[in-house]
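*Asks:* need coordinates for the below:
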Amino acid sequence: MPLTWTDNALLCGIFPGLPFASRLRELPNLRSLTMTKHNYEPHGIPWGTVRAILSLPHLRELQMVSLGFCPALRPEDDLILDTVAPLTSFRYRLDHPRELISYPSETAVLTTVLEKLCLSLETLVLMSEPASLPDLARLRWPHLRMLVFYGTPFPVAIPLASLCAGMPALRSLSLKLSATSDAVHQPLWPTGFTGGPLPELDSLMISYPDPQDEVFDHLPPTLRSLSLRCWPHADLQQANPRFCCDLGAVLDGSAMLSILRRCDARALDHLEVEYITDAEDDASLLGYIAKKFPSLSSLKLGRHRTVDTASSVPVVSTRDDCYPSVAHLTLAPAL
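*Replies:* Sure, this is the predicted structure:
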C-alpha cells in the first residue's frame, strides 16, 4: 500500500514527536499515557516521538501495547536524551505470539531509555527479544519492585542472580516466556554459578521450569508466591491456532516433584504448578505439597494428559485434613 502518513512502513506517522508532545503538555494533570494499536502490522513509534513523550516532566507511567519501540531509526536519529520524566512505571508489551523478527534498533533505544529511567522505575515490563540482559544487569535500580518479561526465551541469557544484583528492592519477578520449536529455555542459575543471593522476593513466576536449574536451590526465605506453569496455559494454547502447543515441553509430575523437593520455601502462601499427570505422579506430588508447604492458603493445579494416558486420572484426596490451611483450591481441567 502507498505510504501516506510516514516515510517508513515500520514507523507510525500518526503521532509526530513535537506536535504530539505539545498537545500532551496542554494536559497538566496527565500522569499516565498508554499508546496502542489494534492490528498486527509490524510497526511502531519513531525515536522523535519517544524522546518527545519522555520530555514531559509530569509523566509518571508510560505503557506501549502492540506498538513497536522504534523498530527502525532514521539517519538523523542520534539517540541522545538530555532530560527525561522520572517515570515510576514503564511497560512495553506486544501480542503473543509475535513473529520472530529482530529489530536491532529496539535494543539500542530500550538500552538508551532505561539507562535514564533506572533510578526512578518501580515497575518494568518488557519483551524479552529486544531486552539486553547484560545492559540491564550493569545498571542500578534502587526502587524497582516489579520486573516482568514476556516473549520467547532470551537470545542471550545471564544468571538470574547477576540480573537482580542491582535491584535490592525487587519483590516480584515474572518470566512469562513462551515455548517455541526453535528456542531453548536457559537455566536461570547455571550449574557451578557462584553469584550472590537473590533479592528478598515475595513472588516468583517461571514458565517452563528446568528441573536441572539450580535456581530452586537458592530461593530466598522471603518467598510467599511461586508459580511454575506454561505461558499461556497449555489448554489456552491448544485452543488458539496462533500458538504451536507442544505438550512435550510441559513437565510430568515426577519432574515437577523433583523441583519442589529442592525448594526450601516453607513460608509459601500461594503455589501454582502445571504438569502432565498420571495416577502415580498425582499421589506423590500432591501428597508432598501437603506436607512440604503447610502454610499454603492458595493452591492452583494445571493437570494435563497425553494421548497415552488413561482416560481418567482422579485427583487424590483434597480433604481438609490434607490441606488444612488452603482457602482457595483451583483445579484446571486435564486435557
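*Asks:* for Pro130, give its distance to Ala157.
*Replies:* Separation of Pro130 from Ala157 (CB to CB, to the nearest Å) stands at 14 Å. Where you see a C-beta, it was placed from the backbone N, CA and C, and this is true even at glycine.
*Asks:* who has more neighbours out of those two?
*Replies:* Pro130 (24 against 17; other CB atoms under 10 Å).
*Asks:* extract the CA atoms of stretch 172-192 and return them as CSV.
*Replies:* Below are the C-alpha coordinates for stretch 172-192, written out as CSV (Å, rounded to 0.1, in the frame of the first residue of the first chain):
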residue,chain,number,x,y,z
SER,A,172,8.1,-9.6,42.2
LEU,A,173,9.8,-11.3,39.3
SER,A,174,7.8,-12.9,36.4
LEU,A,175,9.3,-14.7,33.4
LYS,A,176,6.3,-15.2,31.1
LEU,A,177,8.2,-16.7,28.2
SER,A,178,6.5,-18.9,25.6
ALA,A,179,7.8,-22.2,24.3
THR,A,180,8.8,-22.3,20.7
SER,A,181,10.1,-25.1,18.5
ASP,A,182,13.5,-23.4,17.9
ALA,A,183,14.1,-21.7,21.3
VAL,A,184,15.7,-23.1,24.3
HIS,A,185,15.0,-22.1,27.9
GLN,A,186,18.3,-21.4,29.5
PRO,A,187,18.8,-22.2,33.2
LEU,A,188,18.4,-19.2,35.5
TRP,A,189,21.1,-20.4,37.8
PRO,A,190,23.6,-22.5,35.7
THR,A,191,25.5,-25.4,37.4
GLY,A,192,28.5,-24.1,39.1
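*Asks:* and that stretch, what's buried?
*Replies:* Along stretch 172-192, these residues count as buried under the neighbour rule (16 or more other CB atoms under 10 Å): 172-180, 183, 185, 187-190.
*Asks:* inside strands: which ones of those residues?
*Replies:* The strands, defined by DSSP state E, take in 172-177 from the buried residues of stretch 172-192.
*Asks:* which one of those is nearest Leu30?
*Replies:* Ser172 (26.6 Å; CB to CB).
*Asks:* so that closest one sits right up against Thr222, yeah?
*Replies:* No. Checked against CB atoms under 8 Å, the pair Ser172 and Thr222 is beyond contact range at 11.5 Å.
*Asks:* show me the common contact partners of those two, please.
*Replies:* Counting by CB atoms under 8 Å, 6 or more residues apart in numbering, the common neighbours of Ser172 and Thr222 are 201-202.
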